[in-house]
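[1] Pasting a predicted model and its sequence here:
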Amino acid sequence: MQTYPNSFPTTAAGDIIIRWLGQPSLNIFLIFEDQPAPNVFRSIDYGQTYTSVNDFTETMVDIYISSANISWVYSLSADSGTIFVSEDFGLNFRQYHTQQRFATLSLHPTRPYRLLGLTLDQEIVSDDEESMDLYTVYHCDVIASGPVLQWTLVATNVLFVDFFRPSPEMMSCKASDIYLTRAMVDGTDVVSQFQLEEHQYPYKALPTVLVENAFHFYQVHQYIFATRFADPGSNKNLELYTSTDMDQFSQAIFPFEGLENLYTYVDATEDIALIAVQQTIFNDQGDVVVEVTSGNFNLSAIRAEFSTAPYLANPVKFSFAPNNGCSTANYAGLAGTIAIVYRGNCSFYDKAVRASQMKVAALVVVNTDDSLIEMGAPEEADPTNFPEMPAVMLTYTLGTRLLSQLTQSGDATGRIIESSGPRSPLYNTSTLYTSGPDGVHFTLSLPDVLDYGTFGNPLVDVYKVESSNATYLANIYSGGDIRTVITFNKGAMWSTVGGTSGGTLTVSMSAGSLFARTPMPKSTLQAAGFVIANCYTQSDYLVPGALPSPYWTSDGGHSWNAISTLPTETVLDFAILNYGGLVVALQMDETTVIYVGAPSPGSFLFTSVPFISLPTVFSALVAEPGAESMHVGAYYVDESGWNSIQINLHDVLKATCGRSDMQTFVPSAAVPDATGPQPPPPPRCIDGSRAVYNQRMSCADCRLPPGFVALITAPSCECTPLDLQCSPGFKRAHPIDNSTSVCVLDLEY
């Protein structure tokens, strides 16, 4: 294994942007944002040496690499708006002066010679002091322009713009360029499409308004999502609209009434749309308090809509009513007490009526999660006959604490009094909903998913496993604890993940990357079933000062193994190489060490690469783009300034994998035996297909062959109840369960 430590010129300073072209190019560009010209450095030898780009005599904004053809590279001057264009992987640039002062560029997804230029026109500040930048958008075709770039005005007062990227089957009928914009028109947010007439040049933009009163729009895979306010004056009742063909937007249908919901587009790459809807969990959110006088503590609760007697002034005994308190027999002998019941099996109103009939003094309903809702009565209920007793709801966590007090003392007493504290938000959670291929009709997939984002800036703790189809990981708040669950069938059924020792794990995801600087899990399509991540083994996810340990899995994320050869309780970053399947880990502390990992029987063997003795601050660990990559770059700052180290891993895995080096991997099946080739386990029908993959054995010292495709076969099969979602108005009997869970009537729908 070869390493190439090097130093940049002494002028390199400020925050760094890394642009690695990938194969067949050897070029790497580094842009230092806070530095005057020259602020762009280029390596043409895999990072062994860096020199400033002589073509750039001005301070540059960024390097833009075409995703359609990486030989096309653009750059933009921050001083004059001059555009630089290269067609040879950034080795030589042509310079174009423009009258416009562009702030940024956007490249066409399939035509490398077409681009959008955005000029910043104005900044507007809303009543709540939120600022928004408005841009004017221009289009250019470099080839058709000739020696002077010709720019066509597309739209003004634009908040956001993107190219429409049609699915492959739509390419023939959507060949012309279409831009999607969110803009301010006469003070109203609208989402519009601008289609260019290709039979003439210069092109003419033809605008069509798609959604009025828009709040946001987002494009992922074949779906275009847009949200709008049905009541823009009050910014309430946020609605979601979906389109798959750009010809028509349809309002998405959810099993709830949208009021102040925040929609987050989690994923839409599996022919479904996975949408999260955020709710706020409050620390002190009730309007009444359950005072446990025997235990000297208070529990915040919320009063039922039909509760005609709001308070219970004098302390009485607590009791527990079995079977969710749905019949009068469940309250036998509980007269004069505060009866505690679990939510479910019948309506809130029915519980209260039965309890009142048995002369219960008050009713406490324990929710199934840590949210509070105002329990309502059915429309046919007569308000003059509402139960004459207090009825309140507790969260699952607080209700469990109350029942624990009752169990321990056997003679717990309390009362229900008015709340004097403010409603203070504790954290947010989201509920996941999945749609069919139309992206319109949504059903419940998973409640109580951690979401530490704010309105407009969501941060949902969900991870799409790239190495296994239809597989997602999510962190949920359940029973006062945070745990990780997994689905192998696009959210139709979830189960709890765990380590090989049998304990549960919490995989660090989006929230961990924000609060604890732990990176997201890493996986790649070529390494079927393989995921590596930082995990917590105790209930300390997001606890200040708590540190995770590195874990890996080869079955898509169901069972996890600790990496014993890496340091525990330390934050690690990882880079996975598609071609070699190697993992490079970075210990991010004051004495930074790089570890290079290679598979070994039943585990991963990591060896350290000592190269630094001074304290360092790492900025990035980057793997070379491309399916056959075998290089990793690590960029850091020490006392001398910016440095990098490039690791060439060709010598680690010299041979190409053969048939004897591979084994069969079936998602959600048992982990294959690593001692040698084994007959494939019985394939499970997941989401209508039995996918079978080729997976490199953990003891194989080889690299994947060029053009390697992991998927062997995916024949269709009959779906089982685990593959199907419950219809609106129904729910799973056990939402998180490894066994079959049937759909039952949701009485609170």
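    Everything's here; your move.

[2] For the stretch 51-200 of the chain, just list every one of the strands.
    According to DSSP state E, counting those that start in this stretch, the stretch 51-200 of the chain carries its strands in the segments 51-52, 60-65, 73-77, 83-86, 94-96, 104-107, 114-125, 131-141, 151-163, 178-185, 188-196.

[3] tell me the angle of the third one relative to strand 114-125?
    Put plainly, it is strand 73-77. Angular relation of strand 73-77 and strand 114-125 on a 0 to 180 degree scale: 40 degrees, by axes from the mean of the first three to the mean of the last three Cα atoms, to 10 degrees.

[4] Need the contact partners of strand 73-77.
    Outside of strand 73-77, the residues within contact range by Cβ atoms under 8 Å, 6 or more residues apart in numbering are 21, 29, 40, 56, 58-66, 82-86, 89-90, 93, 102, 104-105, 107, 115. Heads up, the C-betas are built off the backbone N, CA and C, glycines and all.

[5] Now do the helix or strand harbouring Ile647: distance to the chain's middle.
    When secondary structure is defined by DSSP states H and E, Ile647 falls within strand 641-648. Shown here is strand 641-648, whose average C-alpha point lies 30 Å from the average C-alpha point of the whole chain (Cα atoms, centre = their mean, to the nearest Å).

[6] Please verify my assumption that Pro378 contacts Phe348.
    No: counting by Cβ atoms under 8 Å, Pro378 sits too far from Phe348 to count as a contact (9.7 Å).

[7] Between those two, point out the one with more neighbours.
    Set side by side, Pro378 and Phe348 give different neighbour counts by other Cβ atoms under 10 Å, the larger being at Phe348 (24 against 10).

[8] How many residues are close by the closest residue to that one other than its chain neighbours?
    By the measure of Cβ to Cβ, 6 or more residues apart in numbering, the closest residue to Phe348 outside its immediate chain neighbours is Met375, 3.7 Å from it. Met375 has 24 neighbours, counted by other Cβ under 10 Å.

[9] likewise Ala620?
    For Ala620, the number of neighbouring residues by other Cβ under 10 Å comes to 15.

[10] which strand residues sit across from it in the sheet?
    Tyr635 (DSSP bridges).

[11] who's in contact with it?
    Contacts were defined as Cβ under 8 Å, 6+ apart; by that measure Ala620 touches Ile16, Ile18, Gly633, Ala634, Tyr635.

[12] Quick check: it vs Leu649, distance?
    As judged by Cβ to Cβ, to the nearest Å, Ala620 and Leu649 stand 18 Å apart.

[13] Quick check: pLDDT value at Thr720.
    According to the predicted model, the pLDDT of Thr720 comes to 63.

[14] That should have said Ser539, apologies.
    If you check Ser539, the pLDDT there is 65.

[15] Now the residue nearest the centre of the chain. Nearest residue, chain neighbours left out?
    Residue closest to the average C-alpha location in the chain (Cα atoms, centre = their mean): Val462, at 4.3 Å. Distances taken as Cβ to Cβ, 6+ apart place Ala474 nearest to Val462, at 4.7 Å, with adjacent residues excluded.

[16] Also Gly436?
    Ile272 (6.8 Å).

[17] same deal with Thr487?
    What sits nearest to Thr487 in space, not counting adjacent residues and going by Cβ to Cβ, 6+ apart, is Trp494, at 4.9 Å.

[18] same check, this time on Ala381
    When the adjacent residues along the chain are set aside, Ala381 lies closest to Tyr349, with 6.1 Å between them (Cβ to Cβ, 6+ apart).

[19] How about Ala710?
    Counting by Cβ to Cβ, 6+ apart, Ala710 lies nearest to Ala528, which is 4.1 Å off, once chain neighbours are set aside.

[20] residues touching the one you found, list them.
    Residues near Ala528 by Cβ under 8 Å, 6+ apart: Ser467, Ser468, Phe665, Tyr693, Asn694, Gln695, Ala710, Leu711.

[21] Restricted to buried residues, select those in ChimeraX.
    ChimeraX command restricting the contacts of Ala528 to the buried ones, with burial defined by 16 or more other Cβ atoms under 10 Å:
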select :467,468,665,693,694,695,710
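
[22] what about Ser430, distance to Ser356?
    Look at Ser430 and Ser356: by Cβ to Cβ, they are 36 Å apart.

[23] quick one: which of the two has more around it?
    Neighbour comparison, Ser430 and Ser356: the larger count goes to Ser430, with 29 against 22 (by other Cβ under 10 Å).

[24] so the more buried one, which of the three states?
    Assigned with DSSP: H, G, I helix; E, B strand; the rest coil, Ser430 falls in the strand class.

[25] So what sits opposite it in the bridge?
    Note on Ser430: beta-bridge partners Gln278, Val449, judged by DSSP bridges.

[26] now Ile18
    So, taking DSSP bridges as the rule, Ile18 has Leu30 as bridge partners.

[27] That one reaches Ile28, doesn't it?
    Yes: taking Cβ under 8 Å as the contact criterion, Ile18 and Ile28 are neighbours in contact, 7.2 Å apart.

[28] any idea how far the residue nearest to the centre of the chain lies from Thr264?
    Between Val462 and Thr264 the distance, using Cβ to Cβ, works out to 9 Å.

[29] joint contacts of the two?
    When Cβ under 8 Å, 6+ apart defines a contact, the residues bordering Val462 and Thr264 alike are Ala276.

[30] In terms of secondary structure, what does the longest helix anywhere in the chain contact?
    As far as residue count goes, and with DSSP state H defining each element, the longest helix of the chain is helix 396-409. For helix 396-409, the contact count by 3 or more Cβ pairs under 8 Å, 6 or more residues apart in numbering; DSSP states H and E identifies strand 288-292, strand 297-303, strand 312-320, strand 338-342, strand 362-366 as packing neighbours.

[31] can I get those in JSON lines with mean pLDDT?
    Formatted as JSON lines, the helices and strands packed on helix 396-409 follow (pLDDT from 0 to 100):
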{"stretch": "strand 288-292", "mean pLDDT": "80"}
{"stretch": "strand 297-303", "mean pLDDT": "78"}
{"stretch": "strand 312-320", "mean pLDDT": "88"}
{"stretch": "strand 338-342", "mean pLDDT": "92"}
{"stretch": "strand 362-366", "mean pLDDT": "92"}
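
[32] would CSV of those with mean neighbour count and distance to Trp642 be doable?
    Formatted as CSV, the helices and strands packed on helix 396-409 follow (neighbours: other Cβ atoms under 10 Å; distance: least, Cβ to Cβ, whole Å):
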stretch, mean neighbour count, distance to Trp642
strand 288-292, 22, 57
strand 297-303, 21, 51
strand 312-320, 16, 64
strand 338-342, 25, 59
strand 362-366, 26, 56
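
[33] returning to that earlier point: and the contacts of Ala620, which are buried?
    Judged by neighbour count, with 16+ other Cβ under 10 Å as the criterion, the buried members of these are Ile16, Gly633, Ala634, Tyr635.

[34] Can you pull out the low-pLDDT segments for the stretch 451-600 of the chain?
    Within the stretch 451-600 of the chain, the set of residues satisfying pLDDT under 70 comprises 453-458, 478-480, 499-503, 515-516, 538-539, 542-545, 580, 588-592, 598-600.
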